[in-house]
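A.B. asks: any chance you can model this:
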Amino acid sequence: MLPKTCEMPDLSGLESIIPGLMTSLLGFRGHRLTEKEKKYYRVFLRLVNKAHKNYQEAREAIITYLHNREYVLIIPFDFVDYIENCLNAVRRLYGVLENVKREKRGGLTTDRTQFKIINQYFEETKKIRDVIEHLDEFIQKDILEGPIILTISEDDKHVGIGEHSIGFDELAKVILMFYEIGRAWQEDFVGQK
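C.D. replies: Purely as a prediction, here's the structure:
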């Protein structure tokens, strides 16, 4: 389905999280962190940046399509690539956050409310990502119905594949929660040597 409007919330107002990542790569020690947490912190910030960047690029691809739709008759494949990368990064962020929670002695903490919001959308995000990652197997087993790429719903408010979808509002909310967690971790640990 080709989009008629851009129903993706704009996350362009978020400050870059890269300075905190660079600080951690150039000498940040995080004395209160376990060795694993130090690595998780770096991976988490990089994935937050990747999810945010790809989400915004997907949004820009839709806006570009809408401005040029009289000349373009198919869904912008740039959108599909960017949103697929975004969903992959979001799925990986869930995994990193779960591993951080298992580090009992560490200093990285997560607000329960944020974790609850993030967890609310985990299953559907995981299912979409799994279909994308195992698409060739689903085709081989003849168990995928519908398009073989991510598509936008008729109401322009969801992205999905097969029977799985997530709302753009929900995806933006999850990315924002991950971003806020990353920023909180930066505030706690940047500057410690």
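
A.B. asks: what segments of the chain are helices?
C.D. replies: For the chain, the helices defined by DSSP state H cover 18-25, 35-68, 77-102, 112-120, 122-133, 135-140, 168-189.

A.B. asks: avg pLDDT for the first one?
C.D. replies: Going back to what we said before, that points to helix 18-25. Averaging pLDDT along helix 18-25 gives 67.

A.B. asks: one step back: to Gly162, which of the helices of the chain lies closest?
C.D. replies: For the helices of the chain, the distance to Gly162 is smallest for helix 122-133, at 5.4 Å, taking Cβ to Cβ. The way it works is simple: take the backbone N, C-alpha and C, and place the C-beta from them, glycine included.

A.B. asks: in the closest one, which residues are buried?
C.D. replies: Buried positions in helix 122-133, judged by neighbour count with 16 or more other Cβ atoms under 10 Å: Glu124, Thr125, Lys126, Lys127, Ile128, Arg129, Val131, Ile132.

A.B. asks: which elements pack onto it?
C.D. replies: Judged by 3 or more Cβ pairs under 8 Å, 6 or more residues apart in numbering; DSSP states H and E, helix 122-133 is in contact with helix 77-102, strand 158-161, strand 164-167.

A.B. asks: one more pass at 10 Å, please.
C.D. replies: helix 77-102, helix 135-140, strand 158-161, strand 164-167, helix 168-189 (3 or more Cβ pairs under 10 Å, 6 or more residues apart in numbering; DSSP states H and E).

A.B. asks: hmm, who's touching that helix?
C.D. replies: With Cβ atoms under 10 Å, 6 or more residues apart in numbering as the test, helix 122-133 has contacts from 80, 83-85, 87-95, 97-98, 118, 137-138, 143-144, 148-150, 158-167, 170-171, 174.

A.B. asks: what do you get if the cut-off is 8 Å, keeping everything else the same?
C.D. replies: Helix 122-133 is contacted from outside by 84, 87-88, 90-91, 94, 138, 144, 150, 159-162, 164-166, 171, 174, using Cβ atoms under 8 Å, 6 or more residues apart in numbering.

A.B. asks: how far off centre is that helix?
C.D. replies: Centroid separation between helix 122-133 and its chain, computed with Cα atoms, centre = their mean, to the nearest Å, is 12 Å.

A.B. asks: angle of that helix against helix 168-189?
C.D. replies: If you take axes from the mean of the first three to the mean of the last three Cα atoms, to 10 degrees, helix 122-133 sits at 100 degrees to helix 168-189.

A.B. asks: keeping just the C-alphas, turn helix 122-133 into PDB.
C.D. replies: Only the C-alpha atoms of helix 122-133 are listed here, as PDB (Å, rounded to 0.1, in the frame of the first residue of the first chain):
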ATOM      1  CA  PHE A 122       8.600  -6.100  22.500                       C
ATOM      2  CA  GLU A 123       6.700  -9.100  21.200                       C
ATOM      3  CA  GLU A 124       5.300  -7.500  18.000                       C
ATOM      4  CA  THR A 125       8.700  -5.900  17.200                       C
ATOM      5  CA  LYS A 126      10.400  -9.200  17.700                       C
ATOM      6  CA  LYS A 127       7.900 -11.000  15.400                       C
ATOM      7  CA  ILE A 128       8.300  -8.400  12.600                       C
ATOM      8  CA  ARG A 129      12.100  -8.600  12.900                       C
ATOM      9  CA  ASP A 130      12.000 -12.400  12.900                       C
ATOM     10  CA  VAL A 131       9.900 -12.500   9.700                       C
ATOM     11  CA  ILE A 132      12.400 -10.100   8.100                       C
ATOM     12  CA  GLU A 133      15.400 -12.100   9.200                       C
END
